[in-house]
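Visitor: here are the coordinates; sequence isn't available:
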């Protein structure tokens with residue numbers, strides 16, 4: 001039987017259909033002593049996404065929405081040749097971004113940590129689906145809608161969420177739960193996303209949809 005498309009926002013964002021992706025909230029991307037801050041100290045901090053993402057994590061757990069923490073790790077022994085070629089271009093020869101096993105690849109201490117039933121995905125490319133169990137995990141959980149959060153908006157968040165759309169998932173992005181080094185790039189990416197892929201909502205708006213469904217458990 002051919003499934004009918006979901007055209008109402010309430011249906012697309014129903015907790016029973018959703019999963020929350022927390023992408024690259026790691027020290028090297030977001031900590032003031034991380035790789036990004038050291039190499040581009042003039043760029044604005046991205047830490048303002050953490051409280052929003054933490055609220056969404058709490059809301060997801062209260063509504064039985066599955067959560068996947070999608071993380072990056074790099075290293076000469078694990079990266080494909082095309083990624084190793086980018087090391088020189090990005091000054092990563094002696095100081096690798098999110099080096100496997102290092103402090104920079106760890107989740108930021110202020111982020112709500114994963115729990116036993118959450119998925120932690122470690123990948124070596126921009127795409128959270130490439131070479132990872134993310135798609136099979138989402139299918140097993142009968143997820144139909146993927147909610148993207150994290151950093152950076154115009155690279156790993158965009159690549160992962162757009163791949164989710166290509167795989168047949170409905171997709172949405174939390175506008176204030178994502179960030180990029182350039183506000184202009186952030187805004188342009190979200191405009192493109194909302195035009196061609198799915199809705200862009202604030203964290204509060206997403207939580208309101210989950211709360212209105214009547215399935216949110218009272219948090220301890």
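Guide: The structure has been received and is ready for your questions. Just so we're clear, the structure is a prediction, and the values are computed from it rather than from any experiment. Numbering: from 1, shown residues only.

Visitor: From here on, just use CA atoms for contacts and neighbour counts.
Guide: Noted.

Visitor: For the spatially most central residue of the chain, give its distance to residue 95.
Guide: Residue closest to the average C-alpha location in the chain (CA atoms, centre = their mean): residue 23, at 2.8 Å. Using CA to CA, to the nearest Å, residue 23 is found at 21 Å from residue 95.

Visitor: Averaging pLDDT per element, find the lowest-scoring helix or strand in the chain.
Guide: None of the helices or strands of the chain scores lower by mean pLDDT, DSSP states H and E than helix 81-89, at a mean of 81.

Visitor: Mind checking what helix or strand follows the longest strand seen in the chain in sequence?
Guide: In the chain, assigned by DSSP state E, the strand with the most residues is strand 170-179. Going down the chain from strand 170-179, the next helix or strand is helix 183-196, by DSSP states H and E.

Visitor: can you give me the helices for this structure?
Guide: Along the chain, counting by DSSP state H, helices occupy 9-12, 27-30, 35-39, 49-62, 81-89, 134-140, 158-166, 183-196, 203-212.

Visitor: that older thread, for the least confident helix or strand of the chain, buried residues please.
Guide: Within helix 81-89, the residues scored as buried using 16 or more other CA atoms under 10 Å are 83, 84, 87.

Visitor: Leaving out the residues flanking it, which one is nearest to the second one?
Guide: Counting by CA to CA, 6 or more residues apart in numbering, residue 76 is the residue found nearest to residue 84 once chain neighbours are left out, at 6.6 Å.

Visitor: Is it correct that that neighbour is in contact with residue 85?
Guide: No - Residue 76 is beyond contact range of residue 85, at 10.2 Å (criterion: CA atoms under 8 Å).

Visitor: if we can go back for a sec, name the surrounding residues that touch the least confident helix or strand of the chain.
Guide: Helix 81-89 is contacted from outside by 76, 92, 93, 96, 125, using CA atoms under 8 Å, 6 or more residues apart in numbering.

Visitor: Next, give phi and psi for residue 181.
Guide: Dihedral pair for residue 181: phi -60, psi -30, per degrees, to the nearest 10.

Visitor: That one against residue 152, yeah?
Guide: Yes - using CA under 8 Å, residue 181 is in contact with residue 152, at 7.4 Å.

Visitor: So between the two, which is more surrounded?
Guide: residue 152 (23 against 19; other CA atoms under 10 Å).

Visitor: per-residue confidence for the more buried one?
Guide: pLDDT for residue 152: 97.

Visitor: picking that back up, give me the buried entries from the contacts of helix 81-89.
Guide: Buried by 16+ other CA under 10 Å: 92, 96, 125, out of the contacts of helix 81-89.
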